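Student: Take this sequence and fold it.
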Amino acid sequence: MLIPLNRRLRGDLHLARKVAAQVAATAERFNLSAREAEVLALLILGDSNAEIAEQLLVSHKTVKNHLGAIYERMGVRNRVEAATVTLLRELLDTSISSAA
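Tutor: The predicted model follows:
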């Protein structure tokens with residue numbers, strides 16, 4: 001039986017810290033608010049909009065509003081692109097610095 005991704009991430013402290021660092025760098029790069037960074041982190045952990053709303057004690061509509069703002073600032077169209085941009089940044093930075 002496979003363990004869902006969000007459970008593995010939450011159970012792996014090293015991996016969770018790496019995700020948190022990537023989210024922090026992305027929040028700074030794209031000028032995301034602290035709440036938007038929280039929403040982005042939960043999105044990357046695999047949470048649905050309803051789960052994010054429940055954890056942050058906000059409405060589903062508020063989560064959708066935050067996601068819209070995140071997508072606009074990051075220049076992406078959906079949660080997959082937002083997660084990809086966030087998580088691949090380190091790989092891109094590493095490959096650029098090793099090529100120089």
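
Student: Just the mean pLDDT for stretch 69-86, thanks.
Tutor: For stretch 69-86, the mean pLDDT works out to 96.

Student: Show the pLDDT at A37.
Tutor: Note on A37: pLDDT of 95.

Student: got it, and P4?
Tutor: At P4, pLDDT is 50.

Student: One more: the one 5 residues further on?
Tutor: Each residue has a pLDDT score; the one for L9 is 61.

Student: which residues touch E36?
Tutor: Residues near E36 by C-beta atoms under 8 Å, 6 or more residues apart in numbering: A27, H66, A69, I70, R73. Using the backbone N, CA and C atoms, a C-beta is placed for each residue, glycine as well.

Student: Which positions in the helix or strand where A24 lies come out as buried?
Tutor: For A24, the host element (DSSP states H and E) is helix 13-29. By neighbour count on 16 or more other C-beta atoms under 10 Å, the buried set for helix 13-29 is V19, Q22, V23, T26, A27.

Student: Among the contacts of E36, name the buried ones.
Tutor: Buried by 16+ other C-beta under 10 Å: A27, H66, I70, R73, out of these.

Student: Dump the residues you listed to TSV, plus distance to L45.
Tutor: Formatted as TSV, the buried ones among the contacts of E36 follow (distance: C-beta to C-beta, whole Å):
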residue	distance to L45
A27	15
H66	15
I70	15
R73	20
